[in-house]
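K.L.:
Need a 3D model of the sequence below.
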Amino acid sequence: MSTAFTAPPAAARLVRRSGLLMAALFAVAPLAACSDEGQLVLHTATGDHAFKVEVVDTPESRAKGLMYRQELADDEGMLFDFMDEREVSFWMRNTFIPLDMIFIDGSGVVKTVHVNARPHDPTSIPSQVPVRYVLEIPGGRSQEIGLKPGDTVEHDRIESSVN
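P.N.:
Model prediction:
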């Protein structure tokens, strides 16, 4: 006896496709959970301090930075990734809030800290040494948490052997 193949009804095909889609999402979800560029931790003598950060890594996004922002929560910041180590320089033109600038090498070690950069100040703020990353956080916050050169930074982009 031969059997004829009949296509499943449209509803059954939809359920099957939905099931495959869900299986694919569950397979990829653990990979996404392992990477969260929005979280950064500063390790200081006073403890670990978590920040929610935006990462900027293109010339355009780095040029804009935190310009025109009116506020920044105590646990927020912006991480600039220059993709390689070099001396960099910042200014505060069109920036409305005071900022601390934390200059970090490629392995996550804080090299220099500039505290309370003044809003709208066009004066150059140099890293003084080659760095790969710069973290901007609310002005005065680095002093509040006891951040000093030699402290370390933990973030998914930073391959560190010291954390």
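
K.L.:
Am I right that Gln143 is in a helix?
P.N.:
Yes: with DSSP: H, G, I helix; E, B strand; the rest coil as the criterion, Gln143 is assigned to a helix.

K.L.:
residues contacting the residue sitting nearest the centre point of the chain?
P.N.:
Geometric centre of the chain, nearest residue: Val55, 3.8 Å, by CA atoms, centre = their mean. Contacts for Val55 (CB atoms under 8 Å, 6 or more residues apart in numbering) come out as 37-38, 78-79, 81, 157. Every residue, glycine included, has its C-beta placed from N, CA and C.

K.L.:
pretty sure it belongs to a helix, no?
P.N.:
No: with three-state DSSP as the criterion, Val55 is strand rather than part of a helix.

K.L.:
Please pull up the helix or strand immediately following the helix or strand of the chain with the lowest mean pLDDT.
P.N.:
In the chain, no helix or strand scores lower on mean pLDDT, DSSP states H and E than helix 10-33, which sits at a mean of 44. Moving toward the C-terminus from helix 10-33, the next helix or strand (DSSP states H and E) is strand 39-44.

K.L.:
Report all helices and strands that that next one contacts.
P.N.:
For strand 39-44, the packing partners by 3 or more CB pairs under 8 Å, 6 or more residues apart in numbering; DSSP states H and E come out as strand 47-56, strand 152-154.

K.L.:
hey, which of those is tucked in deepest?
P.N.:
The highest average neighbour count among these, using mean count of other CB atoms under 10 Å, belongs to strand 152-154 at a mean of 20.

K.L.:
gap between it and the chain center?
P.N.:
From the chain centre to the centre of strand 152-154 is a distance of 12 Å (CA atoms, centre = their mean, to the nearest Å).

K.L.:
And for stretch 39-59?
P.N.:
In this view, stretch 39-59 has its centroid 7 Å away from the chain centroid, taken as CA atoms, centre = their mean.

K.L.:
Please export the C-alpha coordinates of that stretch as CSV.
P.N.:
Presented in CSV, the C-alpha positions along stretch 39-59 are these (Å, rounded to 0.1, in the frame of the first residue of the first chain):
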residue,chain,number,x,y,z
GLN,A,39,28.5,47.0,32.8
LEU,A,40,31.9,48.2,34.1
VAL,A,41,33.5,47.7,37.6
LEU,A,42,36.2,49.9,39.1
HIS,A,43,38.3,48.0,41.7
THR,A,44,39.6,50.4,44.3
ALA,A,45,41.0,50.1,47.9
THR,A,46,37.5,51.1,49.1
GLY,A,47,35.8,48.2,47.2
ASP,A,48,34.3,47.4,43.8
HIS,A,49,32.1,50.1,42.2
ALA,A,50,29.8,49.2,39.4
PHE,A,51,28.8,51.6,36.6
LYS,A,52,26.4,51.4,33.7
VAL,A,53,28.3,52.6,30.7
GLU,A,54,27.8,53.5,27.0
VAL,A,55,30.7,52.4,24.8
VAL,A,56,31.8,54.7,22.0
ASP,A,57,34.4,53.3,19.6
THR,A,58,34.0,55.2,16.3
PRO,A,59,35.6,58.5,15.5
